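Asker: got a predicted structure here, sequence first:
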Amino acid sequence: MNGAAPPEEDDEDDASRADRSGEIKLPPTLESSGPVPEKAEIVIVGGGVMGLAIAYYLSTMGLEDVVVVERGYLAEGASGRNGGGVRQQWATEINIRLMQQSVELCQRFAVDIGVNVWFRQGGYLFLARSAKEVARLEKNIALQNRCGVATRMLDPQGAKQIVPEIDLTGIVGASYNPTDGILFPWPFLWGYARQATAHGVRIFTQTPVTGLTKRSQGGYDVVTERGTIAARRVINACGAWSPTLAKMIGVEIPTFPIRHEICSSEPLKPFLKPMVSELASGLYCSQSMRGEIVGGVTIPGHASTYAKTSTLEFLATYSRRLVKLMPILGDIKILRQWAGPYDQSPDGNPILAPTREHPDFFLACGFVGHGFMMAPIVGKLYAEWLTGGTKHEIFERYTLDRFDDGSGSAHPKEDFNIG
Ligand SMILES: Cc1cc2nc3c(=O)[nH]c(=O)nc-3n(C[C@H](O)[C@H](O)[C@H](O)COP(=O)(O)OP(=O)(O)OC[C@H]3O[C@@H](n4cnc5c(N)ncnc54)[C@H](O)[C@@H]3O)c2cc1C
């Protein structure tokens, strides 16, 4: 989880500030004016982490003529508003295994990409307040251990050994995996973007896609405010806005936006190593490199909206929950609060692969609250497949067709979609 406010109008300032500190190199060459090319092999719509991860891997696997089209600035969507949590504690084997690989890619990111993303493996500590939650954690841990993830069950005292500041009242157990972690989201995007452009990808920012039509000779016309691109293949990486793009060619995607709020405090002396999350309330918090406590909480029935505005309800709920869990934080000041859209899918899992009627229109959406952590591995697997390599089972399993019967029940639901 990072401790910075989301970029609003001044993300360029953040970039140059970071650059002056010597820790982040210059942002990539983005084309924010001038015409788009007349044709491309692949057009990726959406300059969030998913679109950029796919673009980066496609370019490193030798695919030429890849174009990314972003309507605003990089990380304008959920990717610039998230907590940066990266965990392997999941309830389904496929997600555990994907995340094991993603964690490896995060560990290598600085070396492979040349950007420090401050990836810190301080673990994730999930707290249970009922026997039912303990049973749920135990079931997940058994599966995680079978996959080689070293999560372990702790009694309340064991949890307190890891975070002594926790008030144990009502806590009955916890799960802890020491290799889960937190990273800083923005340089992650810049890193992918810079390396992708270095490998020939062209990234057009401030370029909304306003139309999409199937070409009679194959492929699509991607209509933007700066010209039309004839694309052989299109990847929809528009996050919570993916249904709008898909609808342009008559494809209905059953995801919807859920506003998710988050905030950060004044900086404190470092004391909190893991991400701490409480199952019952969906509270999560971690400490950033700068010392801020960054966290959020589930607001039941939170509006399905793209609104990025903040609510007092969130602040009050979060503050009450946080102080109950860690009374030591009773006096801290919250400095920033912001929101972004989760791209909620009906079964908590992403929607990948092309649609039946549109074999050259690929989906990469529906990542709910875990698209950041999954982007490295999903980007890599997508690129392997699209460059003629192995087609991973996620592209058979996480199709749009699975919702044809209205439920998506062909595969286990991912119900550990918190924190
Ligand atoms: C508050 C919050 C906390 C979160 N915490 C975590 C976390 O700890 N860990 C984690 O893994 N995930 C987390 N997530 C989820 C994560 O941020 C997302 O799953 C992920 O960023 C999705 O990336 P994306 O590239 O698919 O979508 P986005 O980042 O939303 O990118 C989509 C892009 O498409 C662009 N776009 C849309 N329509 C068009 C168009 N017509 N033309 C051109 N461009 C278009 C948008 O401008 C946007 O930039 C969190 C999300 C939120 C909101």
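Answerer: Yep, it's here.
Asker: please make it C-alpha for all contacts and neighbour counts, starting now.
Answerer: Noted.
Asker: need the pLDDT of Pro300.
Answerer: Pro300 carries a pLDDT value of 79.
Asker: ok, so what distance separates the residue nearest to Glu292 when sequence neighbours are not counted from the ligand?
Answerer: In this structure, Glu292 finds its nearest non-sequential neighbour in Pro267, 4.1 Å apart by C-alpha to C-alpha, 6 or more residues apart in numbering. Distance, Pro267 to the ligand, by C-alpha to the nearest ligand atom, to the nearest Å: 19 Å.
Asker: residues in contact with Pro267?
Answerer: By C-alpha atoms under 8 Å, 6 or more residues apart in numbering, the contact list for Pro267 reads Arg290, Gly291, Glu292, Ile293.
Asker: just the ones of these in helices?
Answerer: Applying DSSP state H to the contacts of Pro267, no entry is found in helices.
Asker: tell me which of these is nearest to the ligand?
Answerer: Ile293 (13.5 Å; C-alpha to the nearest ligand atom).
Asker: burial of the closest one, as a residue count?
Answerer: Residues contacting Ile293 under the criterion other C-alpha atoms under 10 Å number 26.
Asker: next: Thr309.
Answerer: 11.
Asker: that one: which element?
Answerer: Under the criterion DSSP states H and E, no helix or strand holds Thr309.
Asker: ramachandran angles for it?
Answerer: Backbone torsions of Thr309, given as degrees, to the nearest 10, read phi -80, psi 160.
Asker: look up the pLDDT of it for me, please.
Answerer: Confidence for Thr309, expressed as pLDDT, is 87.
Asker: now it: closest residue in space, sequence neighbours ignored.
Answerer: Ala339 (6.3 Å).
Asker: so the one you found sits in a helix?
Answerer: No - using DSSP: H, G, I helix; E, B strand; the rest coil, the secondary structure at Ala339 is strand, not a helix.
Asker: that one: what's it in contact with?
Answerer: Arg81, Arg259, His260, Glu261, Ile262, Ala307, Lys308, Thr309, Ser310.
Asker: out of the contacts of Pro267, which end up buried?
Answerer: The neighbour-count criterion (16 or more other C-alpha atoms under 10 Å) marks Gly291, Glu292, Ile293 among the contacts of Pro267 as buried.
Asker: any idea how far Glu70 is from Phe119?
Answerer: Distance of Glu70 to Phe119, computed by C-alpha to C-alpha, to the nearest Å: 26 Å.
Asker: ignore the last one, Leu315
Answerer: From Leu315 over to Phe119 (counting by C-alpha to C-alpha), the distance is 27 Å.
Asker: and the two? which has more neighbours close in?
Answerer: Phe119 (24 against 18).
Asker: isn't the more buried one up against Leu183?
Answerer: Yes - Phe119 is within contact range of Leu183, at 4.3 Å (criterion: C-alpha atoms under 8 Å).
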